[in-house]
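K.L.:
coords below, sequence missing:
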C-alpha cells in the first residue's frame, strides 16, 4: 500500500473513496464535513438520511459509506472522530477505530484508492501531531492487498508538514 500526503481540498481529489470527518448526525456540518456535503450535493445528504433512518446516529469511531454525489470519488466514507476535551487513551483508540473502520469499508466496497482528511483536529481539538501519528501508524498496520494507495489530504500547511515529516521516517 502506497502512502502519500497532499496539501489540498479533499473534495477535488480523484480517488475511489473520500473519507468525511463527519459528526454523529451525519447531516453535514462545518469544516470538511460541510465542504463534502456542499460539493457532493443532495444525494449524499439523502443517503445519510436513509442510514439514520435504519441505524440512527453514527457514534465516534464508527464509519458508514454512501455514494459520492457530484464528487470525483465513487464513495464517501463518513467517520466520526472523537472530541478531545481531556483526551486520554480512549480518545486515541476511537481515532484509531475511525481509520480501521474506514479502511475496512473501503475494502468491502472495492475501493482501491482512498483519501483521508485530518480527522478530529479541527473543532474537535485532537492534538494535530498525535492525530497524525495515530493516522499513519494505523494505516500502516492495516493489512490489505486490495488497497493500493492512501492519501492524507491536509487542508492546512501545519498538518501537511506534520504528515510529510512522519511519512519520511
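P.N.:
Good, I have the coordinates. Bear in mind the structure is a predicted one, so any value in this text is a computation, not a measurement. Numbering: from 1, shown residues only.
K.L.:
Tell me which helix or strand comes right after the helix ranked longest in the chain.
P.N.:
Counting residues, the longest helix found in the chain (DSSP state H) is helix 89-108. Secondary structure here is assigned by DSSP states H and E; on that basis, the next helix or strand after helix 89-108 toward the C-terminus is strand 113-116.
K.L.:
Run the chain-centre distance for whichever helix or strand comes after that next one.
P.N.:
Scanning forward in sequence from strand 113-116 by DSSP H and E, the next helix or strand is helix 128-141. Centroid separation between helix 128-141 and its chain, computed with Cα atoms, centre = their mean, to the nearest Å, is 12 Å.
K.L.:
Could you name the helices and strands sitting against helix 128-141?
P.N.:
If contacts are counted by 3 or more Cβ pairs under 8 Å, 6 or more residues apart in numbering; DSSP states H and E, helix 128-141 sits against strand 2-7, helix 89-108, strand 149-154, helix 157-168. Bear in mind the C-beta positions are built from the backbone N, C-alpha and C, glycine included.
K.L.:
Give me whichever of those is most buried.
P.N.:
Comparing the helices and strands packed on helix 128-141 by mean neighbour count (mean count of other Cβ atoms under 10 Å), strand 149-154 comes out on top with a mean of 22.
K.L.:
what does that strand rub up against?
P.N.:
Where contact means Cβ atoms under 8 Å, 6 or more residues apart in numbering, the residues beyond strand 149-154 that reach it are 1-10, 13, 15, 103, 112-118, 132, 135-136, 139, 160, 163, 167.
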